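**Q** just to be clear, the model below is a prediction. Sequence and coordinates:
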Amino acid sequence: MKTFFLSTLIVISLVFGFTSCGDDDNGGGPCSAAWASEVSDEINTLTAAAQAYGVSPSTTTCNAYKDAAQDYVDALESYRGCSTLTGTSRTDWENAIASAQASVDAISC
């Protein structure tokens with residue numbers, strides 16, 4: 001779980017490091033001006049699921065936590081095509097996503 005949270009913090013810092021995704025603003029979806037709030041929804045859901053699992057560890061809350069974590073990683077994956085992800089930032093972002101996905105895959109309920 002610590003690895004997942006560390007990976008999550010790395011991904012969050014990379015994602016929030018981008019103020020927008022450039023000219024890809026299409027009014028919604030990946031690279032739109034609303035990307036930060038879209039990811040915030042996933043973070044809030046993940047946080048609530050992690051808290052529920054921490055308070056009442058069970059197969060049900062573990063599965064909810066794992067599903068929320070996967071949804072968060074999937075939401076971040078949708079930003080793969082953003083034009084601001086180039087060079088080192090793209091490599092760092094892809095490594096952080098891969099690490100977060102490995103952490104999600106390692107959650108055993």
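**A** Yep, that arrived.
**Q** any low-confidence regions in this structure?
**A** Counting by pLDDT under 70, the chain shows low-confidence ranges at 1-36, 83-88.
**Q** one more time with 80, if that's ok
**A** 1-39, 79-90, 93 (pLDDT under 80).
**Q** now the helices for it?
**A** Assigned helices in the chain, in chain order: 2-16, 35-55, 59-77, 87-106 (criterion: DSSP state H).
**Q** what's the most buried one of these?
**A** Comparing the helices of the chain by mean neighbour count (mean count of other C-beta atoms under 10 Å), helix 59-77 comes out on top with a mean of 18. (Each C-beta comes from the backbone N, C-alpha and C, glycine too.)
**Q** now that helix against helix 35-55, angle please.
**A** Following axes from the mean of the first three to the mean of the last three C-alpha atoms, to 10 degrees, one obtains 160 degrees for the angle between helix 59-77 and helix 35-55.
**Q** ok, and what's touching helix 59-77?
**A** With C-beta atoms under 8 Å, 6 or more residues apart in numbering as the test, helix 59-77 has contacts from 4, 8, 11, 15, 38-39, 42-43, 45-46, 48-50, 52-53, 97, 100-101, 103-104, 107, 109.
**Q** ok, 7 Å please
**A** Contact partners of helix 59-77, identified using C-beta atoms under 7 Å, 6 or more residues apart in numbering, comprise 4, 11, 15, 38-39, 42-43, 45-46, 49-50, 52-53, 97, 100-101, 104, 107, 109.
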